[in-house]
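*Asks:* need coordinates for the following:
(one chain, ligands or ions: 1)
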Amino acid sequence: MILRARTIVTMDGPPIDDGAVVVAGNQIADIGSFAEVHAHHGGEVFDLGEQVILPGLVNAHCHLDYTCLRRQIPPQGSFTDWIRTINAAKASLSTADYIESIRNGFEEAQRFGTTSIGNIASLPHLVSDIGVPPLRTWWFAELIDLRKPIDADRVLRDLRAHRLPSLDVGLSPHAPFTASAELYARVAAIARDQGVCVTTHVAESTEEMQMFASRSGALSEFISGIRPMDAAFGAVTPLAWMLNSCQPDEHWIVAHLNELTGNDLELLAVGPRFHVVHCPRSHAYFRHSRFQLENLRALGLNICLGTDSLASNTSLSMFDEMRAMQRSFASLSPLEILAMATVNGATALNRPNALGRVRAGFTADLIALPISGAGDIFEKIIAFDQPVTWTMIDGTAIPR
Ligand SMILES: [Zn+2]
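*Replies:* Numbering: from 1, shown residues only. This is a model prediction of the structure:
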């Protein structure tokens, strides 16, 4: 099949006007100007007209479990108060609520152009009840051993037993304040031995930093009421503690990193080049310290974007997330921001050679937006605030 459109944004060179993409099976077979492509390939032409084709968007960090909590939790006085409030809200959710929440989340993410999603599941046993997700999904089982031990090997075995068709499974030790050093170490060993994807939240809030650096603050008080403090707490940073506890490799996807000291940056300079997910709107909701984008980029870390959950955000649109990024970091070009939601996310999810670009040999995950007129095409893409008009995942156009 030949897809023709006004412009193809490949993320792999300049945009191609009056362009065409050849899709064979689930793959992109060729790309170029319509005239060139049509001269070399037979097959049906599907003309998308005055639209821009681009790679489907990648949301590298979300929790679809909490889609139903949209606008249910107003910003709290502290991060710890937010944890208490979401815990109370979760206690009132039934299994059916979770399933509906996840399904609605998938539907919304896809409606706004996301074709790949890294989703952290607090109840991984529900995965088979959800059915086949309508977009490419990485299921990360959330691991917390604050109140009782958890067997990461067994959780992973159970998740794999769901026999999810062509989907990735992974593990997510929640955060340094809810997962023990032993749990982090076990997950790192599993990841190394079995090539499993890992994601975790690190150094998200000032309260987390206070807990690790000086055993003070609201989070420290809250957690010390549940379990004894790790001996290292009081003279360390969350990042240093995590790096000491396990040997994360360059495949880990680390969310947030909002609180970093000069020493942390030195550790990152020599440590594993893992991926960093920034969630601009969740970051604004919590009023976290300014994200050290420039320092992290200077260290060569791959920065991608995520929505986080709707318990701290208002939509699952990555376009909304890109616009928030643009508001916070005016020096970034629209192309750089779009890369964070395509190429960089695909790299974080370990598909640098299959997703995030429109390139021959890559998987055909594509979206189209009705954009016309003159002006910077990347600026117009980021400004797009409607449901996308056309989506193809794995070579199959999604009916609307
Ligand atoms: Zn999160």
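
*Asks:* need the pLDDT of the spatially most central residue of the chain.
*Replies:* Closest residue to the average C-alpha location of the chain: Ala60 at 1.2 Å, with CA atoms, centre = their mean. Looking at Ala60, its pLDDT stands at 98.

*Asks:* host element of it?
*Replies:* strand 57-62 (DSSP states H and E).

*Asks:* now the following helix or strand past that strand - C-alpha only, CSV.
*Replies:* Moving toward the C-terminus from strand 57-62, the first helix or strand encountered (DSSP H and E) is helix 79-91. C-alpha atoms of helix 79-91 as CSV (Å, rounded to 0.1, in the frame of the first residue of the first chain):
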residue,chain,number,x,y,z
PHE,A,79,4.0,15.4,47.9
THR,A,80,3.4,13.3,51.0
ASP,A,81,-0.2,14.6,51.4
TRP,A,82,-0.8,13.7,47.7
ILE,A,83,0.4,10.1,48.5
ARG,A,84,-2.0,9.9,51.4
THR,A,85,-4.8,11.3,49.2
ILE,A,86,-4.2,8.9,46.3
ASN,A,87,-3.9,6.0,48.7
ALA,A,88,-7.4,6.9,50.1
ALA,A,89,-8.8,7.2,46.6
LYS,A,90,-7.3,3.9,45.5
ALA,A,91,-8.9,2.1,48.5
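
*Asks:* tell me how far helix 79-91 lies from the chain's centre.
*Replies:* On the basis of CA atoms, centre = their mean, to the nearest Å, helix 79-91 is displaced by 22 Å from the centre of the chain it belongs to.

*Asks:* and it, what does it pack onto?
*Replies:* helix 206-214, helix 218-224 (3 or more CB pairs under 8 Å, 6 or more residues apart in numbering; DSSP states H and E). C-beta coordinates here come from the backbone N, C-alpha and C atoms, glycine included.

*Asks:* mind listing the strands for the stretch 251-400 of the chain?
*Replies:* 253-256, 275-278, 302-305, 366-369, 390-393, 396-397 (DSSP state E, counting those that start in this stretch).

*Asks:* quick one: strands adjacent to the fifth one?
*Replies:* Looking back up the chat, that one is strand 390-393. strand 366-369 (antiparallel), strand 396-397 (antiparallel) (DSSP bridges).

*Asks:* how about those strands in CSV, adding distance to Val9 and mean neighbour count?
*Replies:* As requested, those are exported to CSV (distance: least, CB to CB, whole Å; neighbours: other CB atoms under 10 Å):
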stretch, distance to Val9, mean neighbour count
strand 366-369, 9, 24
strand 396-397, 18, 14
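
*Asks:* quick check: the spatially closest residue to Ala284 that is not a sequence neighbour vs Pro14, distance?
*Replies:* Closest residue in space to Ala284, ignoring its immediate chain neighbours: Ala324 at 6.6 Å, by CB to CB, 6 or more residues apart in numbering. Remark: distance between Ala324 and Pro14 (CB to CB, to the nearest Å) = 27 Å.

*Asks:* which residues touch Gly170?
*Replies:* Gly118, Trp138, Trp139, Phe140, Ala141, Val196, Cys197, Val198, Thr199 (CB atoms under 8 Å, 6 or more residues apart in numbering).

*Asks:* circling back: surely the residue nearest to the centre of the chain touches Leu349?
*Replies:* Yes. Ala60 lies in contact with Leu349 (CB atoms under 8 Å); the separation is 6.4 Å.

*Asks:* could you tell me which residues touch both of those two?
*Replies:* Joint contacts of Ala60 and Leu349 (CB under 8 Å, 6+ apart) are Gly118, Ile253.

*Asks:* flag the shaky bits of the chain, pLDDT-wise.
*Replies:* 165-166 (pLDDT under 70).

*Asks:* for the stretch 151-300 of the chain, what spans make up the helices?
*Replies:* 152-161, 181-194, 206-214, 218-224, 238-245, 262-270, 280-286, 293-298 (DSSP state H, counting those that start in this stretch).

*Asks:* ok, His40 - contacts?
*Replies:* Asp30.
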